[in-house]
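Trainee: Generate a structure from the sequence data that follows.
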Amino acid sequence: MLKEILLLGKKILVDKSEIVFEYHGVENFKDYFDVKLGEWTYQDGCLIGKELENRGGIIYANKKFDYDVMMTFKVSTVLPATRDLNAVWCSEWDDGENYLGNTYVCGLNGWYEGKAGIERSGENEFYSGTTLYNYQPGEEVEITCGSINGHCFMLVNDVLVCEYKDNFPLIGGYVGISPYCTCLKISDLVVRKIEWEKRKQRYLPEF
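Mentor: Numbers count the residues shown, from 1 in each chain. The predicted structure follows:
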C-alpha cells in the first residue's frame, strides 16, 4: 500500500488516514456486512459474491460514514466468471427500486466491453471509462477507491487508473462491493477516513 496517493491538486496521506472499518476473513461476515442483493458466502478467508442477473449484487459494510473515505480490498473473478469487479461508496439505497440510489461506482472489466472506470448512479449521472486497463480474469488485484468532496479516484495495484471531479459531489454514505452478473472473491477490505493536503503543481519551461 502506498504511503501517499497523488491526485490532481491533492495528496492523500495514507499513513495518517484513520482506519474506520476493516474485515480480514472472519467467518461470521454478516456481523460486518449488510447483504442487499446477490448470493454471499464465506470460503477460506474470503467473501464470495455471486449475482446471476443483469444487475449488481450488493454488499455494504454495516457502518455509514458521513465524511470522505477510501477503501482498499483484494479481489478477483472466480473462474469461469470474467465480468465486472466493482466497488461502491458514498452510496445510498433506494428501497423503492430495491437498488442503488445516489452512488459512486468504480470497476474493472465492466460496462459490457471490458472497460475500467468510474460512474455516478442516481441523480446527476456521469461516466468516465477507458479500455486501456486489461484485467486478466482470475487474477487477484488490489483496488483502492474513494473520493474527496467529489474528486473520485481508483487505483489498481497502486497505479492510478482513473480520477474524476464531480461538480455535484456526494458526501457520506455506505461503501461496498458489487459483482455485476458475475462471481467475485474478496478479501482484506479496509476503509479509511481520508486525510489529505493541497498539492501545488505547475509547469516550468522545458526548452
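Trainee: Parallel or antiparallel, which strands does the biggest strand by length in the chain pair with?
Mentor: Counting by DSSP state E, the longest strand found in the chain is strand 183-193. If you go by DSSP bridges, strand 183-193 pairs up with strand 19-23 (antiparallel), strand 46-50 (antiparallel), strand 69-77 (antiparallel).
Trainee: Residues in contact with the first one: which ones?
Mentor: Under the criterion Cβ atoms under 8 Å, 6 or more residues apart in numbering, residues 29, 32-33, 47, 61, 63, 65, 69, 71, 175, 188-193 lie in contact with strand 19-23. Where you see a C-beta, it was placed from the backbone N, CA and C, and this is true even at glycine.
Trainee: what sits against the residue nearest in space to the middle of the chain?
Mentor: Taking Cα atoms, centre = their mean, the centroid of the chain lies closest to Ala87, which sits 3.2 Å from it. Contacts here follow Cβ under 8 Å, 6+ apart; on that basis Ala87 touches 71, 73, 105-107, 143, 145, 175-178.
Trainee: For the nearest residue to Thr130 once chain neighbours are set aside, which residues are in contact?
Mentor: Leaving aside its sequence neighbours, Thr130 sits nearest to Ala116 (Cβ to Cβ, 6 or more residues apart in numbering; 5.6 Å). Contact analysis of Ala116 by Cβ under 8 Å, 6+ apart lists 107-110, 129-133, 135, 154, 156, 161-162.
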